[in-house]
Each structure stands twice: as C-alpha cells, then as structure tokens.
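> Predicted coordinates and the sequence they were generated for:
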Amino acid sequence: MQMLIKIELKSEKPIYMQIYDQIVEAIASGKLDSSTVLPSARKLAVDLGINFHTVNKAYNLLRERGFLIMNRKKKFVVQKSRDEKFIENWKELEEKLIDEAMAKGMSENEILAIFQNVLKKQKKGDGL
Amino acid sequence: MSAFLLIMIFVFLIMGISILLMPDLVAKTLPFGVRIPADYADNHLIKKMKAYFRIYVIFLLVIFLVLTIFSGIYEQIVILFSFIGLEYFGYYLVHKRIHFEKIRNRWYENKKEVVVAEIDTQQKKINLFLWTLPSIIFIIISIISLYFIYPLLPNSIPINFSVNGIPDSWIPKTPLNASLLIIIMATITVIFYILNIVILRSRIEIDPTMPEVSSFQANKFKILMIKSLSVMGWFLNITFLLMNFITWNVLSSNNFFMIIIPVIIAVVIVFAVSTYAGAQGSRLKYPSNGNKENEVMRDDDKYWIGGIIYFNRDDTAILVPKRFGIGWTINVGNIFAWVFIILIILLIIVSFIIMILVH
C-alpha cells in the first residue's frame, strides 16, 4: 500500500513533528506495516522539497521512541510490537488525563465518544 | 541546400513547435511558470496570455526561419541564439503579467499550502541495465570490428570531416587513435545511465487536490522519459557506430549525411513522447475522484529566478521538474548541484584538451 505524507509549511506545528505524527498514525492504522523499509531521510527530504536535517530529526525521534529501528543497511524500518513498559506509562498518563477532563466538567459519554472517534478514524485508515 | 541548413531548419522547427505547444503541455496549475490554485486555472487572463504568446512565437518562427535560409553558417548560429533569447523574453513578460495578477487579486488568500510526498513501499522499478543493453551491444560490435579491421587500416585515420563529408584532417594510426569514437560511445552511454539513475530518484510533485492522479502521472512520465532517453542513447551509439565505419573507410564518407538520420529519429521520438505525456505527465489520463476543498500546492514562485532558474537553499533536491518545459532542471541553491555543474564543465574542458592534443 502507498502512503502519502502531507506537510503544511506555514503551520505552527514544526515540520518534523508533522512527519512524526503522520508516520505514527500510519503505523497505527496499518498503512505502514511492521518491517516496512522507509525511504531514506534524504529521499523523503527531496520529495518534500525540504531540508534533509528536518526529516532526519523526525526519523531519529521515531527511533528513540521505538517506532522505527535501524537495520543493517542503515535504513529505517517500521517496528510494530507490543511494548509493556510503554503501555504501563500510557495507562498512567491516560488515567491522569481522564481525571483532569472530568474535574473540568467533561462527562463520561463525551470522553468515550472522543476515544471511539479516534479508533474509528484509524480503522478507516483515512489519513488523507 | 546544404546539410547544415537542413539541420538548422530542423532545430528551429522542433524548438519553435515545442515552445508553441508548451502552454498546453504544462500542468494547469502552473501556467507560464506561475503557481496558481486550481480554481483559477481557467482564468480569462491566462487564456488571453496563451493566445498572445502563440502569436508572438509564430511571428518569431516565421521571421527567423526566413532569416536562416538566407544566411551563412555563422550568422545562422547567431540567429538561433537570438531566437532562443527572444522566445525567453516573451515567456518572461507573460510570466510577470500572470504573477502580477495573482498577487494583486490575492489568489492564494485563505488557501492552505501543503506539500505532499508518497512513501512508496512497493517501488515500481525499471530495469535500467536492460534499457542500456543495446548501447552496450553497439559498443561491443565496434570493439570487435576494430579488432579485425585494425591491421587493414592505412597509416592515417581521418578525424575531421567538412560539412560536405570530405575528410580534411588526419591523425596517425595508433590503437588509441583508432578507438577514439568508441571511447566517446562509452562516455555517452555512461552519462545517459547516470542521468537515468538521477531522474529515477528525482522528486515527483504531488498535487494535494488530486494526489492519486498526479502521482500516477509523474511516475509514468519518469519511466517514459527514462525509456526514451535510453532509446536516444541507442540511436546516438548507432550514429557513432556508422562514423566508426566511415573513419575506418568501410563505409564511404559520402554517407556522412546519412549518419545524422539516427539522431534526428531520436530527437523526434523524445519530442513525440514528451508531447504525448505533457510536462511531468500532466496529459496522461487517470480516473480522478473529486477535489479536496481548500488545499493547494505550496506557492514556490519566489524560488524561481526569472521564472526559469531554481534557487532554494532549503531544498535537498539537486534535480527538480522544470518550471516551463518538459524534463528537469538543477537547483542552483544546492552545493551538490554545483559539484555536478563543475564536473560537467571539467568533462568538456578535458575532452577539448584531448582533442587539441590529438591534433
């Protein structure tokens, strides 16, 4: 399957963060499968018409957080596997977020609806 | 009519007709090198500018063709360059006019400017080696022929021919001198091979309003151009193969005009393919499925000096699609592009020095 990356150059969100978010989203939705080899940072920079270091920054951040690994040919490869330590942290974080939301007056249904929407979007894989 | 004049007329016609067709061969969102949102593609000013430009080019073409027919060889070359200069001048005026309209009427206001790239996990590859193979075969044929012909060669080999095909300069027979043309064949083949690799890796511009369409078009265009460049390489090698046989006196040098024909065929093929496909494949058909509302390709006019030279320090790309024309151009804001340019200049200087030394 082919995936499109879309960058908004005048956005307040830094370009490397836009790349980061879209790749994570694509991994989540299954557009990028585990062990997919990503184009080199230089290639993606050429295709987007941006600086090579910007893409490299996104790739390195993705690697640091365990979404990508570097293979023997120094290519970035998608890694989709269950990470228990991450899940523990995430649960704590989510608990805190839900507490905060409810303390600020959000209802149980509202919170559930938000979760369902995100999950539905991922199932459709409708990034673009 | 001399052979040279016929070639000049051919060059004029190919250049004139391609520039005449160009406004309809480029993407609709890039008329005369100005990036515009798709909803302005049918703007009346652009239609008017197209018509003016056509009249101007036809006018130039007729005048300069007549001038060429009644001039000598050196005047013809000056005329050709003036023609190119005036063509560009016309383009520049129209480019500026449309750009002015775009700024004044704020065509880009309230639009979300984006760049799109595809992450291709199943790359459609083309076997470059297979497409270069015929050229390699022609080189091998030349080498084998030379091996058998060399003992039979006279003590001097013609190296230069007058326009009428009569040899007017000779060099002594040595293995290196006899294989000069084969070295040129090999150089051409290597240059075409490298060029094809660079093209294969170059960027494709994806229009956010129709990502599938533009991705299909640009990828197909790349493959078509690589194929037709390879075919051009074959024909150039055929020309040099024939020239080999002339310098070795296997073919008579009266056939000199004949060897131009493969080059002409090659140019016509590339011309036909580009006209069929349009710039970056903009004329190739692909089912489109609706527009995305507010997104437009990023306004990159400021990186194009005079609407023709690309200068962008923040762009990693060396080769980018031409602004107004079919094919690619260099990003002069990229240091590696300068390395590329200097290498080519060095190659030309070195080959000149070798030619002078041989003489």
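Arrived safely.

> Sheet partners, orientation included, of the longest strand along chain A?
In chain A, ranked by residue count with DSSP state E as the criterion, the top strand is strand A:2-8. Strand A:2-8 has the following strand partners under DSSP bridges: strand B:112-120 (antiparallel).

> How many neighbouring residues does A:Tyr16 have?
21 (other C-beta atoms under 10 Å in any protein chain shown). The way it works is simple: take the backbone N, C-alpha and C, and place the C-beta from them, glycine included.

> again but with B:Leu153, I slipped
15.

> That one contacts B:Trp248, correct?
Yes: counting by C-beta atoms under 8 Å, B:Leu153 touches B:Trp248, with 6.2 Å between them.

> what sits in contact with each of those two?
Overlap of the contact sets of B:Leu153 and B:Trp248 (by C-beta atoms under 8 Å, 6 or more residues apart in numbering or on different chains) consists of B:Ala178.

> what's the distance between A:Ala41 and B:Asp207?
24 Å (C-beta to C-beta, to the nearest Å).

> One more: B:Leu242?
45 Å.

> Compare these two (neighbour count), which wins?
Legend: neighbour count by other C-beta under 10 Å for B:Leu242 and B:Asp207, higher for B:Asp207 (25 against 19).

> Which of the three states applies to the nearest residue in space to that one that is not next to it in sequence?
Excluding its sequence neighbours, the residue lying closest to B:Asp207 (C-beta to C-beta, 6 or more residues apart in numbering or on different chains) is B:Ser214, at 4.2 Å. What DSSP: H, G, I helix; E, B strand; the rest coil gives for B:Ser214 is helix.

> Cross-check the contact I'm expecting between B:Ser214 and B:Phe221.
No: assessed by C-beta under 8 Å, B:Ser214 is found out of contact with B:Phe221, at 10.1 Å.

> who touches both of those two?
B:Gln280.

> check which helix or strand covers A:Ala101.
Per DSSP states H and E: A:Ala101 is located in helix A:84-103.

> Do you have the helices of chain A handy? List them.
A:15-29, A:41-48, A:52-64, A:84-103, A:108-124 (DSSP state H).

> just those: most buried one?
Compared across those, helix A:41-48 shows the largest average neighbour count, a mean of 22 (mean count of other C-beta atoms under 10 Å in any protein chain shown).

> Need the residues that contact it.
A:5, A:7, A:19, A:38-39, A:51-52, A:54-56, A:59, A:76, B:115, B:117-119, B:201-204, B:315-317.

> Next up, phi/psi of the residue in chain A sticking out farthest from the centre, please.
When each C-alpha in chain A is compared with the mean C-alpha position (C-alpha atoms, centre = their mean), A:Gly105 comes out farthest, at 28.9 Å. Dihedral pair for A:Gly105: phi 100, psi 10, per degrees, to the nearest 10.

> Now do stretch A:47-66: distance to the chain's middle.
12 Å (C-alpha atoms, centre = their mean, to the nearest Å).

> avg pLDDT for that stretch?
On average, the pLDDT along stretch A:47-66 is 93.

> and the strand or helix carrying B:Phe340, how far from the chain's centre?
Using DSSP H and E, B:Phe340 maps to helix B:335-358. On the basis of C-alpha atoms, centre = their mean, helix B:335-358 sits 19 Å off its chain's mean C-alpha point.

> Kindly report the same for stretch A:12-25.
7 Å.

> quick one: secondary structure of B:Asn110?
From three-state DSSP, the assignment for B:Asn110 is coil.

> where does the stretch 51-200 of chain B come near chain A, residue by residue?
B:Lys112, B:Glu113, B:Val114, B:Val115, B:Val116, B:Ala117, B:Glu118, B:Ile119, B:Asp120, B:Thr121, B:Gln122 (C-beta under 8 Å from any C-beta of the partner chain).

> ok so, going back, do you know the pLDDT at the residue nearest to B:Asp207?
For B:Ser214, the predicted pLDDT is 87.

> what about it, neighbour count?
B:Ser214 has 25 nearby residues by other C-beta under 10 Å.

> What separation is there between it and A:Ala26?
20 Å.

> repeat for B:Ala277
For B:Ala277, the distance to A:Ala26 equals 31 Å [C-beta to C-beta].

> just to revisit the earlier point, and the residue farthest from the centre of chain A, what does it touch?
Taking C-beta under 8 Å, 6+ apart as the test, A:Gly105 contacts no residue whatsoever.

> and if you look at the one 3 residues further on?
With contact set as C-beta under 8 Å, 6+ apart, A:Glu108 has these partners: A:Met102.

> What lies in contact with the longest strand of chain A?
A:15, A:18-19, A:22-23, A:26, A:31-32, A:44, A:48, A:50, A:127-128, B:112-122, B:206, B:208, B:211, B:215.

> Any stretches of the stretch 51-200 of chain B with poor pLDDT?
Counting by pLDDT under 70, the stretch 51-200 of chain B has low-confidence residues at B:121-124, B:162-165.

> Of the contacts of helix A:41-48, keep whichever come out buried.
The neighbour count (16 or more other C-beta atoms under 10 Å in any protein chain shown) marks A:5, A:7, A:19, A:38-39, A:51-52, A:54-56, A:59, A:76, B:115, B:117-119, B:202-204, B:315-317 as buried among those.

> hmm, back to that, quick check: mean pLDDT of the helix holding B:Phe340?
81.

> what does it contact?
B:Ile159, B:Ile171, B:Asn177, B:Leu180, B:Ile318, B:Ile330, B:Asn331, B:Val332.

> Across the sheet, point out what pairs with the second one.
In this case it means B:Ile171. With DSSP bridges as the rule, B:Ile171 is bridged to B:Ile157.

> what about it, distance to B:Ser252?
20 Å.

> So those two - more neighbours on which side?
Neighbours were counted for B:Ile171 and for B:Ser252 using other C-beta under 10 Å; B:Ile171 has more, 17 against 10.

> Number of residues surrounding the closest residue to B:Asp300 other than its chain neighbours?
Excluding its sequence neighbours, the residue lying closest to B:Asp300 (C-beta to C-beta, 6+ apart) is B:Arg35, at 5.9 Å. B:Arg35: 22 surrounding residues under other C-beta under 10 Å.

> OK, contacts around the residue nearest the centre of chain A?
By C-alpha atoms, centre = their mean, the mean C-alpha position of chain A lies nearest to A:Val24, the distance being 1.9 Å. By C-beta under 8 Å, 6+ apart, A:Val24 lies in contact with A:Leu62, A:Phe67.

> gap between the residue farthest from the centre of chain A and B:Leu6?
Distance from A:Gly105 to B:Leu6, by C-beta to C-beta: 85 Å.

> what's the span of stretch B:36-48 from first residue to last?
End-to-end distance of stretch B:36-48: 16 Å, with C-alpha to C-alpha, to the nearest Å as the criterion.

> scratch that, stretch B:313-323 is what I was asking about
Start-to-end, stretch B:313-323 (C-alpha to C-alpha) is 17 Å.
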